[in-house]
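**Q** Quick check, what structure comes out for this input:
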Amino acid sequence: MQAPSVGGVMLPRGNGQTVRLSRGASLTDFAEKINANPASLVAVMMNLGEMVTATQSVSDETLQLLADEMNYNVEIVSPEEEDRELLESFDIEFGEDEGGEEFLVPRPPVVTVMGHVDHGKTRLLDTIRKTNVVAGEAGGITQHIGAYQVTTEVNGDDRKITFIDTPGHEAFTAMRARGAKSTDIAILVVAANDGVMPQTIEALNHAKAADVPIVVAVNKIDVEGADPTKVRGQLTEFGLVAEEYGGDTMFVDISAKQGLNIDSLLEAVILTADASLDLRANPEQDAQGIAIESHLDRGRGAVATVLVQRGTLRVGDTMVVGDAYGRVRAMLDDKGENVEEAGPSTPVLVLGLTNVPGAGDNFLVVDEDRTARQIAEKRAARERNANFARRGVRFSLENLDEALKAGLVQELNLIIKGDASGSVEALESSLLQLDVSDEVDIRVLHRGVGAVTESDIDLATGSDAIVIGFNVRAAGRAAQMAEREGVDVRYYSVIYQAIEEIEAALKGMLKPEYEEVELGTAEIREVFRSSKLGNIAGVLVRSGEVKRNTKARLVRDGKVIAENLTITGLRRFKDDVTEIREGFEGGINLGNFNDIKVDDVIATYEMREKPRA
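**A** Predicted coordinates for the structure are as follows:
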C-alpha cells in the first residue's frame, strides 16, 4: 500500500509495523528502516510544519509525529537496552558472573554512607579511615580516591568492607542515588539531637529504590539533647524497625567525633551482609564494574576511580569505560600505592584512559584495543545524538530580550568564575548594584575561583544561566560540553566590559514601556443610520490622519464618553479607504458602538514602545 506522493515521490506507508530507533535518531535512520528516501521524509516533515534536515538528530516527539503520519509505530530504544545490544554484537555479556557456582567466591560488601547534611557523614567516613590506617603509617591515607577498603574483625576473622564516598548535599541527589545503586548496603546516618530530617527521608528512599539493606548509625550521642530512642521511633514510621523493637534493622549508637562504637557499626554491616545478601563473584573472568568518579589530572591525564564488581582487573588490560577506553597503565589503591591487580569489590584509581568518563559509567575489559575503541565510539555517538535531540534553545545575552517578550524568563541567572576571590566578589557586587528595573532580577547562582568546569556548565544547563569567566577559561571538556548544551559562556579581562554587556542585556530584557501617540482627530458633522452597520459618523478630519483598525476614544463636550474603541470601517464617498487625512471628509464606523452625536470628537491613537534611557 502506497501513501500519496510528496514532491512526486511515492512513500511507503506502514500497516502499523513497529520501527525501533535509538534516542536522537535522524530522518536518515528512519528512512533506512522503512526503505525510503530521506529527502522524502524531510518533505513530509515540512508538510507537518517542521523544518528538519535529513541528518539532524531529532526528538522522540518528532519521530513519533513522523511515524503517526506514515502509519508506523515507533519504539524508542532505551540507552541501557541499546548498550546491551551493542555489547551483544561484540559477544560480550555485561552484569553476569561467568561459569557455575564453583567459580564464585565471597567478596566484601560495598557500602554507601547517606543522611542529612551536617549529621556527620563526612566525619564518620574520616573516623573509619583513620581507625583503619596501618599502625606507624605517618600521615594516614595519602590519597583520597572517592572509595576505600577497611578491615574489621568479626568473630575472630578479618573481614573487608568497601566504602564509596558519595556527596551528601541535596544538590547531588542524582549522584547519591547512583551511589546507592552501585552498593550492597547503605549506612543511614541520623543525628541523635536532630532526628529524622528531609534529606534523611530522601536518602532512605534512594536506598529503598535500590533495594539495599540499611544499617542505621545514630550519630552524635555525646551531644547535649541527644535522644537515640526518639530516632528509632521516628524511623519506625518509615518502615525501619530496630531489632530491639522486633524488627530486622540494626541500629548502632555512635559518636563519629569521639570514635565511639565505630567497630560495632562495621560489625553490624558485616552481620547484615551475611544475613541478607549472597555476596559472591567470579574473580577469574574479565573484569567488569562501575566508574565512581573521574577527573583530568595535569600530570597523569584522564584518571578514573573504578569499583571492580566481578572478575579481576590487571595492569595491561584493555578496558572501556562509558565513551572512554584505553590500556591500564597503572593502578593505585586508596593509600596511593601501586597495585598490579584488583579483585571483586576493590576500588582502584586507573591511569591510561583516552578521556574522562562520567561518574556511574560501566566499565568492562575486552580482548583487543580495536574492540574497545569501537564500543567507545559507538557509545559516544549515541550520547551525542541523544544530547542534540534533547538540547533546547538556551538563553544568551543576545536573545534574552526575545525570551522575556515570549514570557520565558523574568530574571538573569549568572555563574561567575574568576582568577581571584577579590575580583569575583568585586564583579558580583557591581552586577548586583546595577539599577535597571524592579521587573528583572539578577541572580548569582554560583561564584568561585578557578577555571569554568563541567559542573558549572551542568548548573547553567539546569537553570538557564549565563557563565562569566573573568581572566579564566573553560577547563577539560567544559568548553565542548557548553557548546553541546548551548550554554552561553562569556570571557572578560576588563571588569567594566562585563558590567556594560550585562547592563545592555538587562535593558533589553525589560518589559517594553509604551506611550500613547495621538494620530488624528475627527469632528462628527452628521450621523447616518444603517440597518446593516449601525450608526455611521460623517466626519471632518481636524488634525493628523485617521486610520482604519486604530484605537479611538469618543469625546463629548470635553469629556471622554467611551474608551478603547476601534475604527472598524473607513469610507470616502462610496469607497473603502485605509486612511483619511487632515481637511478631508469621510465616514467612520466604530463597530458595535452607536452612541454618537453631532459635534462629538473621535480621537485616534496608538501605543508605541518607548525607548529606555
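
**Q** Going by C-alpha atoms from here, please, whenever you check contacts or count neighbours.
**A** Fine.

**Q** which residues of the stretch 401-550 of the chain fall in helices?
**A** 421-432, 454-463, 478-485, 495-509 (DSSP state H, counting those that start in this stretch).

**Q** ignore the last one, the stretch 251-400 of the chain
**A** Using DSSP H, counting those that start in this stretch, the helices assigned to the stretch 251-400 of the chain run over residues 262-276, 369-390, 400-405.

**Q** What's the mean pLDDT across the shortest one?
**A** Okay, so that is helix 400-405. Averaged across helix 400-405, pLDDT comes to 58.

**Q** again, but for the second one
**A** Computed over helix 369-390, the mean pLDDT rounds to 80.

**Q** do you know how far Leu313 is from Gln288?
**A** If you measure Leu313 against Gln288 using Cα to Cα, to the nearest Å, the figure is 8 Å.

**Q** again, but for Ile536
**A** To Gln288, Ile536 is 86 Å away according to Cα to Cα.

**Q** neighbour-wise, which of the two wins?
**A** Each of Ile536 and Gln288 has its neighbours counted (other Cα atoms under 10 Å); Gln288 has more, 27 against 24.

**Q** Please name the nearest non-neighbouring residue to that one.
**A** By the measure of Cα to Cα, 6 or more residues apart in numbering, the closest residue to Gln288 outside its immediate chain neighbours is Leu364, 4.3 Å from it.

**Q** where does this structure have its least confident helix or strand?
**A** helix 173-181 (a mean of 46; mean pLDDT, DSSP states H and E).

**Q** In contact with the closest residue to Pro213 other than its chain neighbours: list those residues for me.
**A** If you skip the residues right next to it in sequence, Pro213 has Ile185 as its closest partner in space, 5.2 Å away by Cα to Cα, 6+ apart. Applying Cα atoms under 8 Å, 6 or more residues apart in numbering to Ile185 gives the contacts Pro109, Val110, Val111, Thr112, Val212, Pro213, Ile214, Val215, Val269, Ala273.

**Q** gap between Ile185 and Leu277?
**A** Between Ile185 and Leu277 the computed distance is 9 Å (Cα to Cα).

**Q** again, but for Ala287
**A** 21 Å.

**Q** neighbour count winner among the two?
**A** Summary of the neighbour comparison: Ala287 and Leu277, criterion other Cα under 10 Å, with Ala287 having more neighbours (25 against 14).

**Q** distance of that one from Glu341?
**A** 10 Å.

**Q** which residues do these two both contact?
**A** Any residue near both Ala287 and Glu341 by Cα under 8 Å, 6+ apart counts here, and that gives Thr312, Leu313.

**Q** related to what we said a few turns ago, let me see the contact set for the residue nearest to Gln288.
**A** Contacts of Leu364 were listed using Cα under 8 Å, 6+ apart, and they are Phe94, Asp286, Ala287, Gln288, Gly289, Met319, Val320, Val321.

**Q** The same query, at a cut-off of 10 Å, please.
**A** For Leu364, the contact set (Cα atoms under 10 Å, 6 or more residues apart in numbering) comprises 92-95, 286-290, 308, 310-311, 313, 317-322, 325, 372.

**Q** any idea how far the residue nearest the centre of the chain is from Arg23?
**A** For the chain, the residue whose C-alpha lies nearest the mean C-alpha position (Cα atoms, centre = their mean) is Gly462; its distance is 4.5 Å. Relative to Arg23, Gly462 is positioned 20 Å away (Cα to Cα).

**Q** Can you list the low-confidence ranges for the stretch 501-613 of the chain?
**A** Judged by pLDDT under 70, the stretch 501-613 of the chain has its weakly predicted residues at 508-513, 610-613.

**Q** and if you look at the stretch 301-450 of the chain?
**A** Across the stretch 301-450 of the chain, the stretches falling below the confidence threshold (pLDDT under 70) are 359, 386-410, 421-422, 435-440.

**Q** closest to Leu204 out of the helices of the stretch 251-400 of the chain?
**A** helix 262-276 (16.4 Å; Cα to Cα).

**Q** Which strands or helices does the closest one pack on?
**A** In this structure, helix 262-276 packs against strand 110-115, helix 121-131, strand 147-154, strand 157-164, strand 185-191, strand 214-219, strand 251-253, with contacts taken as 3 or more Cα pairs under 10 Å, 6 or more residues apart in numbering; DSSP states H and E.
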